[in-house]
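*Asks:* Here's a sequence, model it:
(2 chains)
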Amino acid sequence: MASTTAMPPPLRASASNRVLRVVMNHLATAAAVGSTILVMAPLIAIFAYLLFMGASSLNLAFFTQVPKPVGEVGGGMANSILGSGILLAIASLMGVPVGIAGGIYIAEFGRGKRLANMVRFTADVLNGVPSIVMGIAIYTLIVVPQKHFSALAGGVALGIMMIPTITRTTEEMLLMVPLNVREAALGLGVPNWRSVLSITLRTASPGVITGCMLAFARVAGETAPLLFTAFGNQFWSTSVNQPIAALPLQIFVYALSPYDDWHRLAWAGALVLIVLIVVSVALVRYVAGRGVLKGAS
Amino acid sequence: MTQRTDSGASPGAEPSLSPVRTYLLNCGNSSLADRAFGALMLVCALSIFAIVILILVELITGSKLAIQKFGMSFFFGSAWDPVNGNFGALPFIYGTVMSSILALIIAVPLAVGVAIFLTEMCPAWLRGFLAFFTELLAAIPSVVYGLWAIFVLIPLLRQYVDPFLIKTLGWSGIFAPPNYGIGMFAAGVILAIMILPIISSLTREVMSAVPHAQREAVLALGATRWEMIRMAVLRNARIGIVGAVILGLGRALGETMAVTMVIGNRPEIVRSLLAPAYSMASVIANEFSEASDELYLSALIEIGLALFIVTIIVNALARVLVWAVTRGAPVRGT
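*Replies:* Okay, the predicted model is just below:
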């Protein structure tokens, strides 16, 4: 398909024209290959750097200690890891059920309806809204009435960001479940809601779960909406009503600090985040590639 | 999801003339639970609209003060003086628009090149790996990009790229000293790196939606591979590619952390791209929690409102364009 020389020239092509075309073809190929290499190089560099800098900075203290005061060497991000965990737990509690339910609506109840199409479209658009805008909205909604920053506000901001992603992946996964499966369940006299939850959703569950993990990984790295909702904290805090530390926030603060030791911690934190994300993205691809519906028919 | 389990058995009636499925849905004692379940799912789906409206209402009420005080002049004033309560958003708008344009200039040709390589030339084993890799990059948090930019990209720019640009293009005034490394150009470069995976993966999707018959027809006429790509693939996919580019633009406009870390954070409009600048998202990120008085806060929220509306429009436009192509809309003949 790719051969260029064996083709008979078009009617009016002169010899030089043909040479030009062949040269053009090679130039274009070179440009495409070149741009791929040019694009991959910094991306691979980012990964290599992260692995190198992160791995050399990770140690036990990173996972067990809280940040040391300025000027003291050592310390870790244990409180940030815990804080991120709490924030993500709040976010998941909110985002996962609502997101999955939204996906169920589009795929099971609203198929082909105009409303469902609008929900899908709005979810896509909402996905592209800058996260910092979410932060402002949650600030005026929760932080201002409460009069202080809190883990709750941060968690809600992240949860809202999870909803559109989960809705879309759930919908896509449910659409892959063949119609006969549903009809078989209904034919056996199973109520529709039961059939949706224990047959359709269950069949698609590997895909839905990985979709949730993907959304989870995305918000795990979000910094902007936490700046003025969760705010960050240098100490241990587990209270939902108090400002709380988060891994990406801490990376941000440490990256901009003038201390080498804090830079080291920032790299280690970044590596931890990336590992979380890589694992979930790889899982999604594995499940999607293997076919979600192994036990479907 | 909290309904009681009705006994699953619906009365075993003979199938009526209506489609089996509709019949089964409407019969039996489970129809009440079914309707409740459907309504619950509907409410959750509608929450997505609710979120959009909620954000809009919160932003508008929050920025009322600034809107009343400055009106439209807010977007044309270039003074940013929190002490005297004088606010103009022009330097930030300029910074956001300029860094996004720079990012697009750098990223679009490369992204299309990568997409062409992946769809038309790449061996299958490499394609899977590269596709996975680009997907991964789209998921890297922006704070990590920022971290990398501070410690790797900025020194690289400051030592090698910027002096070169000053030497070759310095006469135009666009690349003029002083050269700090951080600044508008650095923001454009890191934004380009960040939006590349998004643009190229969407472009790839659009290009693989072009029917094979189109390619074969052009090849059969004696075209070289590049001519085939140009005439059959790019021509048919152009609307979708524009959509992908606009989607990348939407990302670039709202990108916060990485830009905040490298743009230099100085609210000035300077001709030189190497000078520090400021963007809409980064002024919010930097100053929001320090905003001392109501007017200051409301001016920052108004910037957020502008950002929200612009990104909504840009994203909606992009989605419509991409859908028009990938949904199997009739492909125009060449």
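
*Asks:* count of residues packed around the residue in the stretch 201-334 of chain B positioned nearest to chain A?
*Replies:* Distances between the stretch 201-334 of chain B and chain A by CB to the nearest CB are smallest at residue B:254, namely 2.6 Å. In short, each C-beta sits where N, CA and C put it, glycine included. Residues lying near residue B:254 (other CB atoms under 10 Å in any protein chain shown) number 26.

*Asks:* That one contacts residue B:307, doesn't it?
*Replies:* Yes - with contacts counted by CB atoms under 8 Å, residue B:254 reaches residue B:307, the gap being 6.2 Å.

*Asks:* Could you tell me which residues touch both of these two?
*Replies:* The contact sets of residue B:254 and residue B:307 overlap at A:130, A:132, A:133, B:281 (CB atoms under 8 Å, 6 or more residues apart in numbering or on different chains).

*Asks:* Most neighbours among those, which one is it?
*Replies:* In terms of neighbours by other CB under 10 Å, the shared contacts of residue B:254 and residue B:307 top out with residue A:132 at 30 neighbours.

*Asks:* Now do the contacts for the residue of the stretch 201-334 of chain B closest to chain A.
*Replies:* Here residue B:254 is in contact with A:128, A:129, A:130, A:131, A:132, A:133, B:281, B:307, B:311 (CB under 8 Å, 6+ apart).

*Asks:* quick one: which of those residues is nearest to residue A:26?
*Replies:* Using CB to CB, residue A:128 is the member of the contacts of residue B:254 that sits closest to residue A:26, with 38.3 Å.

*Asks:* hmm, back to that, can you tell me which of the contacts of residue B:254 is closest to residue A:95?
*Replies:* Proximity of the contacts of residue B:254 to residue A:95 was ranked by CB to CB; the top entry is residue A:131 with 13.6 Å.

*Asks:* how deep is the closest one tucked in, by neighbour count?
*Replies:* Residue A:131 has 24 neighbours, counted by other CB under 10 Å.

*Asks:* before we move on, back to that, closest to residue B:223 out of the shared contacts of residue B:254 and residue B:307?
*Replies:* Nearest to residue B:223 among the shared contacts of residue B:254 and residue B:307 is residue A:130, at 43.1 Å by CB to CB.

*Asks:* Chain neighbours aside, what residue packs nearest to the closest one?
*Replies:* Spatially, and ignoring its direct neighbours in sequence, residue A:130 is nearest to residue B:254 (2.6 Å; CB to CB, 6 or more residues apart in numbering or on different chains).

*Asks:* how far away is the one you found from residue B:285?
*Replies:* According to CB to CB, to the nearest Å, residue B:254 and residue B:285 sit 11 Å apart.

*Asks:* how close does residue A:120 get to chain B?
*Replies:* 9 Å (CB to the nearest CB, to the nearest Å).

*Asks:* Find the residue closest to that residue in space, skipping its chain neighbours.
*Replies:* Nearest to residue A:120 is residue A:106, by CB to CB, 6+ apart, at 5.7 Å.

*Asks:* And residue A:248, by the same measure?
*Replies:* Spatial nearest neighbour of residue A:248, excluding adjacent residues (CB to CB, 6+ apart): residue A:223 at 4.1 Å.

*Asks:* what about the spatially most central residue of chain B, helix or strand, and which?
*Replies:* Among the residues of chain B, residue B:251 comes closest to the average C-alpha position under CA atoms, centre = their mean, at 2.4 Å. Secondary structure from DSSP states H and E places residue B:251 in helix B:235-254.

*Asks:* Just the mean pLDDT for the next helix or strand after that helix, thanks.
*Replies:* Per DSSP H and E, the first helix or strand lying C-terminal to helix B:235-254 is helix B:257-262. If you average the pLDDT over helix B:257-262, you get 93.

*Asks:* gap between helix B:257-262 and the chain center?
*Replies:* Chain-centre distance of helix B:257-262: 16 Å, with CA atoms, centre = their mean, to the nearest Å.

*Asks:* again with stretch B:214-227
*Replies:* Computed by CA atoms, centre = their mean, the chain-centroid distance of stretch B:214-227 equals 34 Å.

*Asks:* buried residues in the helix holding residue B:251?
*Replies:* Residues of helix B:235-254 classed as buried: B:235-237, B:239-254 (neighbour count, 16 or more other CB atoms under 10 Å in any protein chain shown).

*Asks:* what's the average pLDDT for it?
*Replies:* For helix B:235-254, mean pLDDT is 90.

*Asks:* Sketch out the low-pLDDT regions of the stretch 1-150 of chain A for me.
*Replies:* Scanning the stretch 1-150 of chain A for pLDDT under 70 picks out A:1-15.

*Asks:* can you give me the helices in it?
*Replies:* For the stretch 1-150 of chain A, the helices defined by DSSP state H, counting those that start in this stretch cover A:15-57, A:60-64, A:78-104, A:114-127, A:131-138, A:144-146.

*Asks:* Would you reformat those as TSV and include distance to residue B:315?
*Replies:* Formatted as TSV, those follow (distance: least, CB to CB, whole Å):
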stretch	distance to residue B:315
helix A:15-57	23
helix A:60-64	38
helix A:78-104	18
helix A:114-127	5
helix A:131-138	12
helix A:144-146	27
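
*Asks:* quick one, what contacts residue 136?
*Replies:* Chain wasn't specified; assuming chain A. Residue A:136 touches A:228, B:58, B:59, B:62, B:284, B:288, B:300, B:301, B:304, counting by CB under 8 Å, 6+ apart.

*Asks:* ah, I was thinking of chain B
*Replies:* Applying CB under 8 Å, 6+ apart, we find residue B:136 in contact with A:277, A:278, A:281.

*Asks:* Return the member of these nearest to residue A:115.
*Replies:* residue A:281 (31.6 Å).

*Asks:* tell me which residues in the helix or strand hosting the closest one are buried?
*Replies:* Here residue A:281 sits within helix A:260-290, counting by DSSP H and E. Neighbour counts over helix A:260-290 (16+ other CB under 10 Å) mark A:261-274, A:276-277, A:280-281, A:283-285, A:287-288 as buried.

*Asks:* near chain B, which of the residues you listed show up?
*Replies:* For chain B, the contacts drawn from these by CB under 8 Å from any CB of the partner chain are A:263, A:266, A:267, A:270, A:273, A:274, A:277, A:281, A:285.

*Asks:* what's the closest of these to residue B:158?
*Replies:* The closest of these, once distances to residue B:158 are taken by CB to CB, is residue A:263, at 17.4 Å.

*Asks:* what's the distance between the closest one and residue A:254?
*Replies:* Here the distance between residue A:263 and residue A:254 works out to 7 Å (CB to CB).

*Asks:* list the contacts for residue B:115?
*Replies:* Listed by CB under 8 Å, 6+ apart, the contact set of residue B:115 reads B:200, B:201, B:203, B:204, B:207.
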